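A.B. asks: Attaching a predicted model along with its sequence, questions to come.
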Amino acid sequence: MNVQSPSPDSPPRTYTLATVGAALRAKWWVVVTPMLLAGIFALGISALQTEQFRASSTLYVTSGTSTSTQNAYQGSLASQQRVSSYVELASSDVIVARALEDSGLPIRPSQAKNAVSATASPDTVLLTVNATTDDSKLSALLANAIAQAMTGYVSTLEQPTGGGDPLAKLTIISPAVAPQKAVSPSYFRNVAVGLFLGLILGVLIVVVRDRLDNRVRSEEELVDLFDLPVLSSVPNESAVKESIPVNFRVGAGTVAESYRHLRTNLAYSSVDKPVNVLLVTSPAQGDGKSSTCINLAAALAEDGSSVVLVDCDLRRPSLATKLGVTPDIGLSQGLRDGVDLGSLIQSTGTENFSVLASGPLPPNPAELLGSRRAGDAVQELASKFDYVILDSPPALAVTDAAVLCQWADGVLVVVGSGGNRVAEVGECVAMLRMTGTPIAGFVLNFVSSTRNSYRYAYYSEKVDAS
């Protein structure tokens, strides 16, 4: 079985819609937060904007005076052609100046020109003049003044050189009235745009962070990258920290079930050669290795197996503190002074579950653990207990774990979800494989997903009800 050792320089993940969706579900708050902030910002900007009112006056364009059908049709086409020219004419300097002069409105020509616009309905002879200001009545007066100025100016502009009726004229068919509602700011539109932009920003943040984050977070990653099974995933719940070992009574919950799951999968991980002596290690400090050792031992003891947990971390031991036993009586005394191990084993208060603490810290832990006496001690324990669990230091920190592999039947690697980088796990696995000791699989700790809860909750509920 070959172990893939990914390079930290080239992220090994394969990104699909499923992986992106999983990242978005896990970091939903990163998406929601920019959305809410952008929406609130858009709402605030809208509230600070001055309301604008738009009034519109509609004019009808006619060309020619003949009543014959052919001439009327040609006149209609000529009117449609003139409409586009009149659209530009509405905001011209000459029309704006004439409108302000005739109406006497209190507005500067430059402001009036910016406030006026015109539109034409396609394939029609209708022209709409719009005026948008911060005053409803002023908008209506300005739109009507522009429309009135256009009717007079077009009549003069379209007057034939030799005299006679104008070739085209404008007729006001719908004068502007003061609008009751402002056209801007549009709170709904602005907030919607803000929410959408915030959503895009949030999604980009999650995707970019996920691409740059080279930490192990799921069972699927471990299996795909290292071709090793994940024997159990332990949820990141308070029960793991509040009770050491966890409460394995009936209906104890998802944490207890995850360790029972580990117990079952461990039994099937090596059917031909059962794992009697199990070495438990992790890539780095803080992956929950010692807690895993304790809870696995308790799960095996619950099943009726006799278990001894040996604290082989002769540098920073923690089992004695966690289990409430004496730390100064333990393994180092047996290896250094030849003291009978049976007299050094302490009870944990849990039936079938004993512990051999580290004892006084020696100056040469690796040499002591690799000695022939250490191998004999492990064999002695294996002859007396169904399971011997060796809690070793992190594999990448010191060589102790690799040294201890020679005395174990299998290795269990504890990985902290979101804590270990892929390269770290790859280096750890590669180092352990070099020892020749089979790797039973992984335990994924601190899993934030609720997948485990769904996996075990149904059965826990049934047990509670029974």
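C.D. replies: Great, that's in hand. This structure is a prediction, so every number in the text was calculated from the model and none was measured.

A.B. asks: Run through the residues that contact E380.
C.D. replies: Going by C-beta atoms under 8 Å, 6 or more residues apart in numbering, E380 touches L341. No exception for glycine: its C-beta is placed from N, CA and C like everyone else's.

A.B. asks: how close does it sit to L344?
C.D. replies: As for E380, its distance to L344 is 12 Å (criterion: C-beta to C-beta, to the nearest Å).

A.B. asks: L197 now?
C.D. replies: Using C-beta to C-beta, L197 is found at 66 Å from L344.

A.B. asks: Which residue is the nearest non-sequential neighbour of L89?
C.D. replies: I95 (6.0 Å; C-beta to C-beta, 6 or more residues apart in numbering).

A.B. asks: Please give the element, helix or strand, for that neighbour.
C.D. replies: helix 93-103 (DSSP states H and E).

A.B. asks: And that helix, what's buried?
C.D. replies: For helix 93-103, a neighbour-count test (16 or more other C-beta atoms under 10 Å) marks 95-96, 98-100, 103 as buried.

A.B. asks: Nearest to L369 among those residues?
C.D. replies: Of all these, the one with the least separation from L369 (C-beta to C-beta) is V96, at 94.3 Å.

A.B. asks: Could you pull up the contacting residues of the closest one?
C.D. replies: Counted by C-beta under 8 Å, 6+ apart, V96 has contacts 109, 112-113, 116, 146, 149.

A.B. asks: ok, and what's touching stretch 398-409?
C.D. replies: 270, 273-279, 281, 312-315, 365-366, 369-370, 374-375, 378-379, 390, 392-395, 411, 431-432, 434-438.

A.B. asks: which one's the longest helix in the protein?
C.D. replies: helix 187-212 (DSSP state H).

A.B. asks: Who are the packing partners of that helix?
C.D. replies: Packing partners of helix 187-212 (3 or more C-beta pairs under 8 Å, 6 or more residues apart in numbering; DSSP states H and E): helix 17-26, helix 28-48.

A.B. asks: now that helix, how far from the centre of its chain.
C.D. replies: Taking C-alpha atoms, centre = their mean, to the nearest Å, one finds the center of helix 187-212 at 12 Å from the center of the full chain.

A.B. asks: ok, now stretch 344-353?
C.D. replies: Centroid separation between stretch 344-353 and its chain, computed with C-alpha atoms, centre = their mean, is 44 Å.

A.B. asks: Next, the distance between the ends of it.
C.D. replies: 14 Å (C-alpha to C-alpha, to the nearest Å).

A.B. asks: Not counting its neighbours along the chain, what's nearest G342?
C.D. replies: Closest residue to G342 apart from its sequence neighbours, by C-beta to C-beta, 6+ apart: K384 at 7.6 Å.

A.B. asks: start to end distance for stretch 228-248?
C.D. replies: Per C-alpha to C-alpha, stretch 228-248 runs 28 Å from first to last residue.

A.B. asks: Tell me which residues of stretch 375-394 come out buried.
C.D. replies: Residues of stretch 375-394 classed as buried: 377-378, 381-382, 385-394 (neighbour count, 16+ other C-beta under 10 Å).

A.B. asks: now the residues you listed as a markdown table including secondary structure?
C.D. replies: Output for those, formatted as a markdown table (DSSP: H, G, I helix; E, B strand; the rest coil):
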| residue | secondary structure |
| --- | --- |
| A377 | helix |
| V378 | helix |
| L381 | helix |
| A382 | helix |
| F385 | coil |
| D386 | coil |
| Y387 | strand |
| V388 | strand |
| I389 | strand |
| L390 | strand |
| D391 | strand |
| S392 | coil |
| P393 | coil |
| P394 | coil |
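
A.B. asks: Among the residues you listed, which one lies nearest to R189?
C.D. replies: Set against R189, the nearest of the buried residues of stretch 375-394 by C-beta to C-beta is P394 (56.0 Å).

A.B. asks: Contacts only, for that closest one.
C.D. replies: Contacts of P394 by C-beta under 8 Å, 6+ apart are 281-285, 287, 289, 401.

A.B. asks: Of those, keep whichever come out buried.
C.D. replies: Here, 16+ other C-beta under 10 Å leaves 281-284, 287, 289, 401 buried among those.

A.B. asks: Unless I'm misreading it, R263 sits right up against A299, doesn't it?
C.D. replies: Yes - at 4.4 Å, R263 and A299 qualify as touching, with contact defined as C-beta atoms under 8 Å.

A.B. asks: between the two, which one's more packed in?
C.D. replies: Ranked by neighbour count (other C-beta atoms under 10 Å), R263 and A299 place A299 first, with 26 against 22.

A.B. asks: tell me the pLDDT at the more buried one?
C.D. replies: Predicted confidence (pLDDT) for A299: 92.
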